[in-house]
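Peer 1: Pasting the sequence and the predicted coordinates here, then a few questions.
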Amino acid sequence: NGETFIQAIVRDITQRKKTEADNLRLAMVANTTKNIVIIEDADGRIEWVNQAFTTITEYSFNEVIGKKPGQLLQGPETDQVLIDLMSKQIAEGKGVKDIEIMNYTKSGKPYWISIEVQPIFDGSGRLNQYVAIESDITERKKTQLALADREKRFRNLVQQSPVAVIEWDTQLNVLEWNEAAEHTFGFSREEAMNRCAFGLILPAIPTKEISDVLDQILAQQGGNRNTNSNITKSGKTIFCEWYNRPLTDDMGKVIGIVSMVEDITERLKAEKELKESELKFRHIIQSSPVAIFLFEATNDHQLILVDSNPAADAVTGIQNSKHIGLTIEKAFPERQQLESKQHYLAAALEGTPWYKEDIIYRDEKIDFAFQIYAFQAGQNRVAVMLLNITEHKRIEGAMQQKNEELLKTNAELDRFVYSASHDLRAPIASLLGLINVARMEKTIDGINHLLKLQEKSLLRLDSFIKEIVDYSRNTRLKVESARIDFDVLVKNTFEQLHFMENVDRIHKTITIDQSAVVYSDPKRLEVIFNNIISNAIKYVDVRKSDPYIEVVIKGNSEITEISIKDNGEGIKQESIGKIFDMFYRASEHSSGSGLGLYIVAEAIQKLGGQITVQSEFSVSTEFKITMPNQVATPSENSKGNSSLTEVKS
């Protein structure tokens, strides 16, 4: 009737407020926990994830809403059997718990989780949501896998070990028996497992020694290593070396024993045979006429003298027994040879034998010579045998030297006969021809010209004969020393060559610097100077405005150095190495025999000296001679101390 009323509907929301507060607290917990929390709808699609989910999976909140977790997180290594089992449980409205599976992050990185999924029903019992809580167990899983892998590798190592490995309980019942144990004792793993060592591989009644070892192991007071006889399945007795270690729990209590066993029957047999062999070998060493030393190699590669025989004392001239126990360097300080030591070590450690001939020279003659044989003589040992071959080597060396001289003489004789027949016949043939021409010549001038040509042929023949005489004398005659006056010697050489063509055009310089009296063979020195200087004159380069020959001599009480230089035609490079060969002619204009420089080289060799040549074709040539001097007697040395002469013409 026109009145206004107020109607109020009041609902009790206490429970709702409490639920909202609880949900707020749960959301706070879910976002602060390190475990992944996922809320899915009844179809298994994601409605909400916490912060830990986005951190671990690398997916953002918006990327996963409305999607099923399996579409995002499962990968190639995810166990599909477990996934199917979880799906079946969840489809039946049942929860799952403590399922461990591998998931993958957004970038494809694998990680392990332990997952629990629980269904949530509404008041009418209808499935409303799923809540999944996942714990990251990646590190724990890695540890488990590593332990499993280590356990597997350890088992493989035990089974593949070349020595027998046996695990026992404290009563010596077999807990583990590897393949090497099967081979060593003949019992298969099945036959040995859980059986007691006594009556299996040890006597049924333990000896006192074995009982003591067992007590020491259990008391952790020793027994770690021992050697004793054992019995195989076939009843054969073998000798084994045992390495034992107690197995303890976390409290240090002994709960078992592990043993590594090596069959040393053959080794003991070999050691016995080796000992017998060493006795025989020692007897051979002591009675051998050959010098024998026995060295042992240490771990730091030192060689220790351990034995020698009487013949070694006779060879070395010392009592080697006093040096037993010393290193090779201390035992033989005067014979330190690193090369020999390395070969001795190779023989001792690797069994590599070594042979060498050791020859010591004194004054260019064999002082003594040995044949050295080094070979392995036991473990880490080397026997060194020395055989004195001094006299044999001296005879061999003398024969070799004579053979070389004979071969050289034969070769020179062959060349000499060939060249001599040519160079002697050529002037004679020329003379005969000129005589026939002279018979037909009517004028005095013509006859004089022919006589000059005959004279030239005779001079050539005379020069060749003179060279043959010089060669013969140098080969046959001994070196006879006399006091040398180089000033007179060089001047006489130039005077003897004054008749040569173009000699007057050559500028000659002679410089002599002697600080002591020099003694040598004057005849051979005349031959040397005559041949070198005559060549310098013969091959003068007349196209040059200042042809010269420069002689420089420097000498002291020990050595004399001679330089003869000219700026003539020079020598081509391809001929320098051959100019000292017999009958070699370096110049195409040469009219000589090719004996001159060969005789020079032979003469210098007789004097104990050396000669070298430096030449540049068309520029210059220099011969350098170095020869030793003999020491003058005091009376002779007092006659003159020094001479400095310079002659220019």
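Peer 2: Alright, I've got the coordinates. Residues are numbered from 1 along each chain as shown.

Peer 1: State the pLDDT value of Leu525.
Peer 2: Model confidence at Leu525, given as pLDDT, is 88.

Peer 1: What is the strand or helix carrying it packed up against?
Peer 2: Leu525 is part of helix 522-538, with elements assigned from DSSP states H and E. Secondary-structure packing of helix 522-538 (3 or more C-beta pairs under 8 Å, 6 or more residues apart in numbering; DSSP states H and E): helix 444-476, strand 482-484, helix 486-496, strand 548-555, strand 559-566, helix 596-606, strand 620-628. C-beta: built from backbone N, CA, C; applies to glycine.

Peer 1: List just the one of those that sits closest to Leu72.
Peer 2: Closest approach to Leu72 among the helices and strands packed on helix 522-538 is made by strand 620-628 (95.2 Å; C-beta to C-beta).

Peer 1: mind listing the helices for the stretch 51-200 of the chain?
Peer 2: 51-57, 61-64, 69-73, 80-91, 138-160, 179-185, 189-192 (DSSP state H, counting those that start in this stretch).

Peer 1: Please give me every residue in contact with Gln614.
Peer 2: Thr621, Glu622, Lys624 (C-beta atoms under 8 Å, 6 or more residues apart in numbering).

Peer 1: I'd like to know how many residues surround the nearest residue to Ala438 once chain neighbours are set aside.
Peer 2: With sequence-adjacent residues excluded and distances taken as C-beta to C-beta, 6 or more residues apart in numbering, Ala438 is closest to Leu450, at 4.7 Å. By the criterion of other C-beta atoms under 10 Å, Leu450 has 17 neighbours.

Peer 1: still on that earlier bit, list every C-alpha atom in the helix holding Leu525, with coordinates, as CSV.
Peer 2: Output of helix 522-538 as CSV, limited to C-alpha atoms (Å, rounded to 0.1, in the frame of the first residue of the first chain):
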residue,chain,number,x,y,z
PRO,A,522,165.3,-26.4,-48.6
LYS,A,523,165.1,-28.6,-51.7
ARG,A,524,161.4,-29.1,-51.3
LEU,A,525,160.8,-25.5,-50.5
GLU,A,526,162.7,-24.6,-53.8
VAL,A,527,160.3,-26.9,-55.7
ILE,A,528,157.3,-25.4,-54.0
PHE,A,529,158.2,-21.7,-54.7
ASN,A,530,159.5,-22.5,-58.2
ASN,A,531,156.3,-24.2,-59.4
ILE,A,532,153.8,-21.6,-57.8
ILE,A,533,155.8,-18.5,-58.9
SER,A,534,156.5,-19.9,-62.4
ASN,A,535,152.7,-20.5,-62.9
ALA,A,536,152.0,-17.0,-61.7
ILE,A,537,154.4,-15.7,-64.4
LYS,A,538,153.2,-18.1,-67.1
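
Peer 1: and that helix with helix 486-496, angle?
Peer 2: Between helix 522-538 and helix 486-496, the angle comes out at 50 degrees (axes from the mean of the first three to the mean of the last three C-alpha atoms, to 10 degrees).

Peer 1: how much does helix 522-538 deviate in direction from strand 548-555?
Peer 2: Going by the same axes, to 10 degrees, helix 522-538 makes 150 degrees with strand 548-555.

Peer 1: and Gln376, which of the helices and strands packed on helix 522-538 is closest to it?
Peer 2: Judging these by C-beta to C-beta, what sits closest to Gln376 is helix 596-606, at 48.0 Å.

Peer 1: Give me the helices and strands touching the closest one, please.
Peer 2: Partner elements for helix 596-606 (3+ C-beta pairs under 8 Å, 6+ apart): helix 444-476, helix 522-538, strand 610-616.

Peer 1: For it, list every residue counted as buried.
Peer 2: The neighbour-count check on helix 596-606 (16 or more other C-beta atoms under 10 Å) flags Gly596, Leu597, Tyr598, Ile599, Val600, Ala601, Glu602, Ala603, Ile604 as buried.

Peer 1: Please tell me how far the residue nearest the centre of the chain sits from Glu296.
Peer 2: In the chain, the residue lying closest to the centroid (C-alpha atoms, centre = their mean) is Gln342, at 12.5 Å. Separation of Gln342 from Glu296 (C-beta to C-beta, to the nearest Å): 16 Å.

Peer 1: got it, and Gln400?
Peer 2: 39 Å.

Peer 1: Compare the two and say which is more crowded by neighbours.
Peer 2: Glu296 (18 against 11).

Peer 1: Tell me who's in contact with the more buried one.
Peer 2: So Glu296 contacts Leu303, Ile304, Val306, Ala348, Asn380, Arg381 (C-beta under 8 Å, 6+ apart).

Peer 1: and if we set it to 6 Å?
Peer 2: Ile304, Val306, Asn380, Arg381 (C-beta atoms under 6 Å, 6 or more residues apart in numbering).

Peer 1: I'd like a version of the helices of the stretch 51-200 of the chain in a markdown table, one that adds mean pLDDT as further columns.
Peer 2: Formatted as a markdown table, the helices of the stretch 51-200 of the chain follow (pLDDT from 0 to 100):
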| stretch | mean pLDDT |
| --- | --- |
| helix 51-57 | 90 |
| helix 61-64 | 90 |
| helix 69-73 | 88 |
| helix 80-91 | 86 |
| helix 138-160 | 81 |
| helix 179-185 | 92 |
| helix 189-192 | 93 |
